[in-house]
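# Based on what follows, work out the 3D shape:
(2 chains)
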Protein chains: 2
Amino acid sequence: MAPYAFPLLIKQLLVTPIAQRSRKEIVYRDQLRFDYPTLVARIGRLGSALHRMGVGHGSTVAVLDWDSHRYLESYFGIPMLGATLMKANIRLSPEQLVYTLEHSGAETVLLNIDFIPLIKEIRGRLRRVKRFICLTDDGIAPATLEWAAEYEEMLAAGDPAYEFPEFDENTRATLFYTTGTTGLPKGVYFSHRQLVLHCLTVLASVAQAGENGRFSRNDVYMPLTPMFHAHAWGYPYIATLCGWKQVYPGRYEPSLLVKLAKSEGATFSHCVPTVLDMVLSAPEAHDADFGGWKILIGGSALSRTLCKRALDRNIDVYCGYGMSESCPLLTLAQIKTDSVEGLDDREDRELDIRITAGMPILLSQMRIVDDSMTSPPSDGVAVGEVVARTPYLTQGYLNNSDASATLWRGGWMHTGDIGRFDKDGYLHLVDRQKDVIKSGGEWISSIELENLIGQHPSVREVAVIGVTDTKWGERPLALVVLKTPGGARAEDLKAHLKTFAKAGTISPYAVPDRWMFIGKLDKTSVGKIDKKRLRERYGDDT
Amino acid sequence: MAPYAFPLLIKQLLVTPIAQRSRKEIVYRDQLRFDYPTLVARIGRLGSALHRMGVGHGSTVAVLDWDSHRYLESYFGIPMLGATLMKANIRLSPEQLVYTLEHSGAETVLLNIDFIPLIKEIRGRLRRVKRFICLTDDGIAPATLEWAAEYEEMLAAGDPAYEFPEFDENTRATLFYTTGTTGLPKGVYFSHRQLVLHCLTVLASVAQAGENGRFSRNDVYMPLTPMFHAHAWGYPYIATLCGWKQVYPGRYEPSLLVKLAKSEGATFSHCVPTVLDMVLSAPEAHDADFGGWKILIGGSALSRTLCKRALDRNIDVYCGYGMSESCPLLTLAQIKTDSVEGLDDREDRELDIRITAGMPILLSQMRIVDDSMTSPPSDGVAVGEVVARTPYLTQGYLNNSDASATLWRGGWMHTGDIGRFDKDGYLHLVDRQKDVIKSGGEWISSIELENLIGQHPSVREVAVIGVTDTKWGERPLALVVLKTPGGARAEDLKAHLKTFAKAGTISPYAVPDRWMFIGKLDKTSVGKIDKKRLRERYGDDT
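Numbers count the residues shown, from 1 in each chain, chains lettered A, B, ... in the order given. All right, here's what the predicted structure looks like:
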């Protein structure tokens, strides 16, 4: 007989929790809980039912759902057929949703009934979609849309012991669209091999944590980043491989999130800063001790203030860095013991590290480069564009060779972020390449300004964009949301910044002379500040 | 430009410690220490120097050395050229060494001067070896052999920034010979992909430890298993990837081992039970507190007695299971919290778990099967042969298609071990398939008898083999080494065993009626009890 070559397939991730006899549970809100053998059986049922409908190698199945046990099952059952799991972004505009669904070629759509109104609006334009499968918590499929099946009925008729096929590990497993930049959404895609390697690499990287962020088999996972976004940072796969207890909160409601975190004992979550703020500000979080909860922050910069607020509640909060194109994790802000031990201001230094973008994780090759792909001296100060190589980066944008070539120019994946590595190896992001403000031949970091302005006690949120200036080329414009209207004037905030300029933290010319107080900042579908939209509203793009 | 596909190559393991700015050191005995940038430079020097000698893709380079920084450099610098690192077993008989070196096709041999006498004896029969490179601690190459170069001189002339080539991840990286069974030594081989995956998988598995055995970047690694044996269980690669401090003890001397462990602060080692016993029995270990030292035991069963002795010295001791054919790690005896929490006899139960073969690690597919590859019911009791699938098993024996087909019959790698999985998923090895004693239609486990006899206070070591019996087919013969000659009689030991038979631990018919008291037990080259030799001496094979 031939030796078994062991392709790196998503189905291999299900072997471990069963072999290790995990007794943990998968929990959905305050409504449902089941064990790992049941999870594996449900994935078998899902796969066999979809297979019977004709889904297989080459098919694409889209999912529109909140964070649920069903989404977790789709993470496995769909790619394990050799099909592509297309994670539709439920926060897109109807036009973008039509574009991405059509572009993905999805014929089958798993649809949470909450999104029926959205789909009805665009149904006529979805020419490639053949069937909808109804996802609903109460088992009742509304008659307002024609369904091929209701999810639980479909599973009931499926085969719990379905044997999924074996195929090449480079088979495409997932596809989703990134909308962060200008132009049409672009599809990024990942193979079975890439997802398994992301899973192993992230987990192995956490195995070598120093002072914070370690995992164990007793961890309790609750995502706070939508599952349609960048594989929920890969953690549904990691949590399943390790047989962790997993808690899926459905539609994010701050009160329920806090309630679930406490009642189920969440020990690991990941989210954007906005969601962390939302959780900490929920009435249920008042006076709560969140000791034992590790929260990984990504998506945008974590301010010192918000980091401190979380630490004060005993949350082990720290940042990671990545993007849709990178699966996503490239770095983790683990505190190395030798970066902090013996320091008088150790706590302060730890906080500094937690809000960096972190260190390249295992196998992650990262450089900063100029336009000619040359790296500046590694002196801890020089900046450049961050480029990366890891075993799990999208190999391009789907059916978009121009954008793919730009992404991979010089054989490295370009992040579009400007950053520097400090002497301990931590990455500091200076700005998005397109957000950096070029003023009088010097670069001003909008992120740095936002972080410092955000430390003023009257400021709730702030964004800084560049606007054309006849003398300097560009100058920063600060868009500020105050906690109480009139709580501070531009002069107060300028004075606040000037103290940092005096201390040498920023250059004096970086202090904005243009300020605007507004009611709220536009956000993207994943909760990041939408600078593109802000530039349209308040900048030269108006 | 084309996207970078990121083949899983050993050279990728060197990126991380540099990117993460490890400040740890590589230490050789009490003689030498250097940092990671120096390690990378020395590997570059080694690779470029060998390349200049004509070593490249398709070449085989053999190493005969004690555990040293030089061996660590060979683990990287040789495979990174696309060449095969052949780890010669320095404890083989001259005949076996000739056979394995010739069979491997090694043209270049890195030779520690301690083995010159051995090589001189067989030099004329090594027809394929073209050159010897001299490994010596004092830099003086003895004139008793003709050398192509002395290692340090060769490195001094090499290029520290040498750029190693990229190639297919399935390129063979390592080769070594297993002598455990009958017949000629058989070569097992592993690709770059397999070694990188072993590294990530083991590390990720430790990330999900429950109660014991966790790693961090502050770990200090000191091998206590020879580096020629099964990649020193993969840990030189793991330690380097993580940027750990690494301590290589050279030739094993119990006193120096204990001294190094204490002075360098070793926190992780791996060894066979014999070496653990040797370390604990060294005069320098008397009254020493080894708190913080994790020791992974493999190669043969760890007795309760020895486990307890190590635990009493605050060593976090636990077992793993694997073999040359499996790279080697298949399982780890990590204690799951839910297997022990709330138990009155928790400490006892933890000890029970530590001496099992452990749970399958991440992605490790393991079954127990009968001759027709059918698995018995998973009732925690049924036994069968252990078979495995992981991403890093040898795909066969080199140039030995018959043995390869036997190894992989049914598409699973056969371990030749008989075992059972208990209800918590821990593997208990009952016996080697060929060591199990078939008596009156029932199976008697020689390992179980050895473990119980070994608990008698007068017994130093014991081996049980099967001998032909006209009535029962086979009966057990116990070969006993006493702590003091005459310290116990066969009747005492039988009485000791009968208490276990009464308690139901073993069947009454398992109690041997044949006993032999001998001066010492034969050991294999890696320190395991050599049952083959014992059967030749004392059994029917005489």
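
# give me the residue from the stretch 201-350 of chain A nearest chain B.
A:Ala207 (3.5 Å; Cβ to the nearest Cβ). Just so you know, the C-beta spots here come from the backbone N, C-alpha and C atoms, and that holds for glycine as well.

# can you map out the strands along the stretch 1-150 of chain A?
A:25-28, A:32-35, A:60-64, A:84-87, A:108-112, A:131-135, A:149-150 (DSSP state E, counting those that start in this stretch).

# and those strands as JSON lines, adding mean pLDDT, mean neighbour count and distance to chain B?
Formatted as JSON lines, those follow (pLDDT from 0 to 100; neighbours: other Cβ atoms under 10 Å in any protein chain shown; distance: least, Cβ to the nearest Cβ, whole Å):
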{"stretch": "strand A:25-28", "mean pLDDT": "98", "mean neighbour count": "21", "distance to chain B": "12"}
{"stretch": "strand A:32-35", "mean pLDDT": "98", "mean neighbour count": "14", "distance to chain B": "13"}
{"stretch": "strand A:60-64", "mean pLDDT": "98", "mean neighbour count": "24", "distance to chain B": "21"}
{"stretch": "strand A:84-87", "mean pLDDT": "98", "mean neighbour count": "26", "distance to chain B": "18"}
{"stretch": "strand A:108-112", "mean pLDDT": "98", "mean neighbour count": "24", "distance to chain B": "28"}
{"stretch": "strand A:131-135", "mean pLDDT": "98", "mean neighbour count": "22", "distance to chain B": "30"}
{"stretch": "strand A:149-150", "mean pLDDT": "98", "mean neighbour count": "18", "distance to chain B": "32"}
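
# The ones you listed: which one's closest to B:Thr108?
For those, proximity to B:Thr108 was assessed by Cβ to Cβ; strand A:84-87 is nearest, at 48.3 Å.

# So what's the residue count around the residue of the stretch 201-350 of chain A closest to chain B?
When counting by other Cβ atoms under 10 Å in any protein chain shown, one arrives at 26 neighbours for A:Ala207.

# before we move on, what about A:Met222?
26.

# now do the one 3 residues further on
The tally of other residues near A:Thr225 (other Cβ under 10 Å) stands at 25.

# I'd assumed A:Pro273 was in contact with it.
No: taking Cβ atoms under 8 Å as the definition, A:Thr225 is not a contact partner of A:Pro273, at 11.5 Å.

# any shared contact partners between the two?
A:Gly299 (Cβ atoms under 8 Å, 6 or more residues apart in numbering or on different chains).

# residue contacts, the residue of the stretch 201-350 of chain A closest to chain B?
Counting by Cβ under 8 Å, 6+ apart, A:Ala207 has contacts A:214-215, B:203-204, B:206-207, B:214-215, B:242.

# Could you identify the pair within those residues that is furthest apart?
Once Cβ to Cβ is applied, the contacts of A:Ala207 give A:Phe215 and B:Cys242 as the farthest pair, at 15.2 Å.

# quick one, which of these two is more surrounded?
B:Cys242 (28 against 24).

# Now do the same for the closest residue to the more buried one other than its chain neighbours: its pLDDT.
Spatial nearest neighbour of B:Cys242, excluding adjacent residues (Cβ to Cβ, 6 or more residues apart in numbering or on different chains): A:Gln208 at 4.4 Å. Here the pLDDT value assigned to A:Gln208 is 87.

# neighbours of A:Gln208, just the number please.
26.

# what's the distance between A:Leu126 and B:Leu306?
68 Å (Cβ to Cβ, to the nearest Å).

# And A:Gly454, by the same measure?
When A:Gly454 is compared with B:Leu306 (using Cβ to Cβ), they lie 59 Å apart.

# Tell me how many other residues crowd the closest residue to A:Ser22 other than its chain neighbours.
On the basis of Cβ to Cβ, 6+ apart, the spatially nearest residue to A:Ser22 that is not a chain neighbour turns out to be A:Gly243, at 2.9 Å. Using other Cβ under 10 Å, A:Gly243 has 21 other residues around it.

# you'd agree A:Gly243 is up against A:Arg217?
Yes: using Cβ under 8 Å, A:Gly243 is in contact with A:Arg217, at 6.5 Å.

# Bridging across strands, which residues link to A:Thr84?
A:Thr60 (DSSP bridges).

# can you pull the contacts of it?
A:59-61, A:78, A:104, A:172-175, A:189.

# Which parts of chain A belong to which domain?
Segmentation of chain A into domains, based on automatic domain parsing, reads A:10-354, A:365-432, A:437-538.

# excluding its backbone neighbours, what's nearest the closest residue to chain B within the stretch 351-500 of chain A?
Taking Cβ to the nearest Cβ as the measure, the point where the stretch 351-500 of chain A comes nearest chain B is A:Gly425, at 3.8 Å. In this structure, A:Gly425 finds its nearest non-sequential neighbour in B:Arg21, 3.8 Å apart by Cβ to Cβ, 6+ apart.

# burial measure for the one you found, as a count.
Neighbours of B:Arg21 (other Cβ under 10 Å): 20.

# What are the buried residues along stretch A:434-446?
Residues A:435-437, A:439, A:444-446 are the ones in stretch A:434-446 that count as buried (16 or more other Cβ atoms under 10 Å in any protein chain shown).

# what sits up against it?
A:181, A:383, A:416, A:418, A:430-431, A:447, A:463-466, A:469, A:471-476, A:507, A:509-510, A:531.

# pLDDT below threshold where in the stretch 301-450 of chain A?
A:441 (pLDDT under 70).

# For it, what lies in contact range of chain B?
Counting by Cβ under 8 Å from any Cβ of the partner chain, the stretch 301-450 of chain A comes close to chain B at A:334, A:336-338, A:359-366, A:389-393, A:395-396, A:404-405, A:407-413, A:423-425.

# Tell me which of those fall in helices.
A:337-338, A:404-405, A:407 (DSSP state H).

# Checking A:Ile465 next. Helix, strand or coil?
Secondary structure, DSSP: H, G, I helix; E, B strand; the rest coil: A:Ile465 is strand.

# got a pLDDT number for it?
93.

# Report the contact partners of it.
With Cβ under 8 Å, 6+ apart, A:Ile465 has these contacts: A:435, A:437, A:446, A:476-477, A:479, A:531, A:534-535, A:538-539.
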